[in-house]
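Q: can't give you the sequence, but here's the structure:
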C-alpha cells in the first residue's frame, strides 16, 4: 500500500499517466491489512480454571463460557477436542488454535477432573 501511495504521488508530481500497477498494489495492501485484522481478531482466546469452574473464550466465540466442575458427568478427551457431558447439555471444546504446551496442560487438568468424577460416581 505504501508503494502504491508513493507511485501515485510520483505520477501526480510528474503529470504523467497513472500506472496500473498502483491499483494492484493498493488492492494487495488493503487485502493484507484486512487479513491481518481478521487473523488478530480470530485468535483471541483464553482458558482459565480454579478449584470449582472452568472459564474459556475460544476463537469465533462471542462470549466467555463457564463450566462448573460439579456439572460434569463424563469427559472424553480426543486429540484436538474435549467432549464434556454436563447435567443438561454437551459441550465440545475445540483445541485446534491452542499451542502444544497449553493443550497438554488442559488435557492434564481434564484427566484430573475425569479421575475425580469417576471416583466420585
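A: Perfect, I can see it now. If you're wondering where the values come from, they're calculated on a predicted model, not measured in any experiment.
Q: residues contacting residue 83?
A: 75-77, 90-92 (Cβ atoms under 8 Å, 6 or more residues apart in numbering). For every residue, glycine as well, the C-beta is placed using N, CA and C.
Q: 7 Å instead?
A: 76, 90, 92 (Cβ atoms under 7 Å, 6 or more residues apart in numbering).
Q: Filter these down to just the ones in strands.
A: Counting by DSSP state E, the part of the contacts of residue 83 found in strands is 76, 90, 92.
Q: Kindly confirm whether my reading is correct that the last one touches residue 81.
A: Read it as residue 92. Yes. Shown here, residue 92 and residue 81 form a contact pair, counting by Cβ atoms under 7 Å, at 5.7 Å.
Q: quick one, strands of this protein?
A: Per DSSP E, the chain carries strands over the ranges 46-49, 53-57, 65-68, 72-77, 81-86, 90-94.
Q: And the fourth one, how far out from the chain middle?
A: Taking the mean of its C-alpha atoms, strand 72-77 sits 23 Å from the chain's own mean (Cα atoms, centre = their mean, to the nearest Å).
Q: who does that strand pair up with?
A: Strand 72-77 pairs in its sheet with strand 81-86 (antiparallel), by DSSP bridges.
Q: List the buried residues of the strand it pairs with.
A: For strand 81-86, the neighbour count (16 or more other Cβ atoms under 10 Å) marks 82, 84 as buried.
Q: separation between the residue lying closest to residue 53 once chain neighbours are set aside and residue 49?
A: Residue nearest to residue 53 in three dimensions, not counting chain neighbours: residue 68, with 4.8 Å by Cβ to Cβ, 6 or more residues apart in numbering. Distance of residue 68 to residue 49, given as Cβ to Cβ, to the nearest Å: 11 Å.
Q: hang on, the earlier thing: mind putting the strands of the chain into CSV with distance to residue 22?
A: Formatted as CSV, the strands of the chain follow (distance: least, Cβ to Cβ, whole Å):
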stretch, distance to residue 22
strand 46-49, 42
strand 53-57, 41
strand 65-68, 47
strand 72-77, 53
strand 81-86, 47
strand 90-94, 42
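Q: With mean pLDDT and distance to residue 108 as extra columns, can I get those in CSV?
A: Listed next are those as CSV, based on pLDDT from 0 to 100; distance: least, Cβ to Cβ, whole Å:
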stretch, mean pLDDT, distance to residue 108
strand 46-49, 82, 11
strand 53-57, 85, 13
strand 65-68, 87, 17
strand 72-77, 89, 10
strand 81-86, 90, 12
strand 90-94, 87, 14
